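S.K.: below: sequence and its predicted model.
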Amino acid sequence: MTTPPRLPSIRLRWTPGQSVVSWTYDNVEASRDYPAPPHTVIAWPDPPSIIVVEAQHDLHPRLDNAVVLNPDGTERSRLRPPKVSPEPSWDIGFYAVYADPTGLVAAFATRVGDFWGRPDLNTGQLSGIAQWR
């Protein structure tokens with residue numbers, strides 16, 4: 001009896017407060033250096049991805065500050081901010097992506113409350129968007 005081949009895993013090397021994010025995938029090293037330490041960084045197996053929530057440090061920050069990277073370090077997509085605020089100027093941006101028992105969760109901040117949803121790592125679209133708490 002043969003067993004199916006094991007998919008390579010991502011070995012992430014990042015500590016909160018560091019601006020360099022490094023990882024190994026299938027014996028290939030990759031890294032990204034950011035101007036400011038990211039808020040959160042997580043590796044995800046399917047599809048193999050590194051998700052980085054970039055720090056908001058500009059006067060006019062980008063709202064799609066959660067980037068999905070391929071294992072080789074190229075950008076696959078950015079998470080699309082949910083359209084939840086009646087006034088676009090109230091939107092702040094993503095502040096976390098994390099795993100819970102049912103999958104990935106992306107958290108998005110606005111001046112009138114926070115929202116969460118389930119990200120599609122290929123398209124950047126969030127589904128199941130709900131207000132946080």
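M.R.: Received it, and whenever you're ready, just let me know what you need. The structure displayed is predicted, hence computed values, not measured ones.
S.K.: got any ranges where the protein has weak pLDDT?
M.R.: Scanning the chain for pLDDT under 70 picks out 1-7, 133.
S.K.: please report how far the residue nearest in space to the middle of it lies from residue 115.
M.R.: With distances taken as CA atoms, centre = their mean, residue 51 lies nearest the centre of the chain, 3.3 Å away. Distance of residue 51 to residue 115, given as CB to CB, to the nearest Å: 17 Å. C-betas here are computed from N, CA, C, even on glycine.
S.K.: also residue 34?
M.R.: 24 Å.
S.K.: which one's more surrounded, the two?
M.R.: residue 115 (20 against 16; other CB atoms under 10 Å).
S.K.: would you say that one is within a strand?
M.R.: Yes. Residue state for residue 115 (DSSP: H, G, I helix; E, B strand; the rest coil) corresponds to a strand.
S.K.: that one against residue 128, yeah?
M.R.: No. Here residue 115 lies out of contact with residue 128, judged by CB atoms under 8 Å, at a distance of 10.5 Å.
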